[in-house]
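1. sequence and predicted model, in that order:
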Amino acid sequence: MLKNGVPIGYGARVISTGGFQAIPKLTVPGALLVGCAAGFLNVPRIKGTHTAMKSGMVAADAIADKLKSTDNVQGAEVSDYEDMIKSSWIWSELKAVRNAKPAFKKFGGTLGGMMYSGLELLMLKGREPWTFHNKSWDADRTRPAESYSPPSGNFRPDNRISFDLLTNLQRSGVRHEEDQPGHLRFREGKKSSFPVEESLKVYGGPEQYFCPAKVYEYVDAGAEGRKLQINAANCVHCKTCDIKTPGRFIRWTVPEGGGGPSYTNL
């Protein structure tokens, strides 16, 4: 914190902490996944730049080999890329720490998870013959609002070291075409009443609090009570809603025309 400093930027993004067990299929026809998109974060170290750079190098080699081996590359799948990743140090590094994050769920929370992670990092070093698995979605672990006490006091930003969301949002440079189709959609099978009847009434509507851009608001709808208002033009594409809304009722999709935040130094 710098005295008399002023904020010059604002942004948000979830990080992929699923670890080794959550790495998806890395190739599809015409595309492949690298870096954070593939989940190559070393979770205990909270480091991913080195694996992202290495995966980009491996991807370049795999693509070059594909270009040499075939004349028809349109829509081609670079299937060798996944094998090359598995034979690189990326795979062995992530496998060695595969149990660090799942241990927090396996052993009941922070204390048990920290104890096991310390044991793994200091002694086991990935040599253990067992692997813990992610058995549920993060959204399924959200507890009802009645399990918690309401926050005490009424926090107000001082506009020196804390700011309201909409003021911060201006620092993100976010921009979407206002008349484009909404990119934040209800997941298939979810009724339009789900946000109020389930998320708000049971869980307290957590999306209105964790969203860093005030995209989700429960507003008065007159005789109908309250309804969820989605301010999609505010979205900074952190993707928290796709992961953590109760029932995963929100599905994040790619916005039209490359809309979103305009980060410069983040």
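-> Good, I have the coordinates. In this text, all values refer to a predicted model and were calculated from it rather than measured experimentally.
2. contacts only, for P44.
-> By C-beta atoms under 8 Å, 6 or more residues apart in numbering, P44 lies in contact with V97, A100, K101, S117, L121. Where you see a C-beta, it was placed from the backbone N, CA and C, and this is true even at glycine.
3. who's in contact with the residue nearest to V219 when sequence neighbours are not counted?
-> If the residues on either side of it in the chain are set aside, V219 comes closest to Q229, at 4.9 Å by C-beta to C-beta, 6 or more residues apart in numbering. Contacts of Q229 were listed using C-beta under 8 Å, 6+ apart, and they are Y216, E217, Y218, V219.
4. okay, R187: pLDDT?
-> The predicted local distance difference test score for R187 is 89.
5. can you spell out the domain ranges of the chain, please?
-> Per automatic domain parsing, the domain ranges recorded for the chain read 8-98, 100-136, 178-266.
6. wait, which of those domains is closest to L166?
-> Between L166 and those, the shortest gap by C-beta to C-beta is with domain 178-266, which sits at 6.1 Å.
7. tell me how far the closest one lies from the chain's centre.
-> Between the centre of domain 178-266 and the centre of its chain there are 14 Å (C-alpha atoms, centre = their mean, to the nearest Å).
8. picking up where we left off before, now, the most widely separated pair of the contacts of P44?
-> Pairwise distances across the contacts of P44 peak at 12.1 Å for K101 and L121 (criterion: C-beta to C-beta).
9. so between those two, which is more surrounded?
-> K101 (22 against 15; other C-beta atoms under 10 Å).
10. just to revisit the earlier point, lowest average pLDDT across the domains of the chain?
-> The bottom spot among these, by mean pLDDT, belongs to domain 100-136, with a mean of 85.
11. coming back round to it: distance to N168 for the domains of the chain - can I get that in CSV?
-> CSV is the format used below for the domains of the chain (distance: least, C-beta to C-beta, whole Å):
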stretch, distance to N168
domain 8-98, 4
domain 100-136, 28
domain 178-266, 8
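12. please enumerate the strands of the stretch 1-150 of the chain.
-> With DSSP state E, counting those that start in this stretch as the criterion, the stretch 1-150 of the chain has strands at 27-28, 31-32.
13. now those as TSV including distance to I8?
-> Putting these into TSV (distance: least, C-beta to C-beta, whole Å) gives the following:
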stretch	distance to I8
strand 27-28	38
strand 31-32	34
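14. output those strands in a markdown table; the columns should cover mean neighbour count and distance to F20.
-> Conversion of the strands of the stretch 1-150 of the chain to a markdown table gives the following (neighbours: other C-beta atoms under 10 Å; distance: least, C-beta to C-beta, whole Å):
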| stretch | mean neighbour count | distance to F20 |
| --- | --- | --- |
| strand 27-28 | 16 | 18 |
| strand 31-32 | 16 | 18 |
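15. to P7, which of those strands lies closest?
-> Ranking the strands of the stretch 1-150 of the chain by proximity to P7 (C-beta to C-beta) places strand 31-32 first, at 35.6 Å.
16. the closest one: how far from the chain's middle?
-> Computed by C-alpha atoms, centre = their mean, the separation of strand 31-32 from the middle of its chain amounts to 19 Å.
17. name the helices or strands packed onto that strand?
-> helix 49-69 (3 or more C-beta pairs under 8 Å, 6 or more residues apart in numbering; DSSP states H and E).
18. list the buried residues of the helix it packs on.
-> Buried positions in helix 49-69, judged by neighbour count with 16 or more other C-beta atoms under 10 Å: T51, A52, K54, S55, V58, A59, A62, I63, K66.
19. closest one of those to N154?
-> Of all the buried residues of helix 49-69, the one with the least separation from N154 (C-beta to C-beta) is A52, at 41.3 Å.
20. ok, the closest one - contacts?
-> Counting by C-beta under 8 Å, 6+ apart, A52 has contacts V34, G35, C36, F40.
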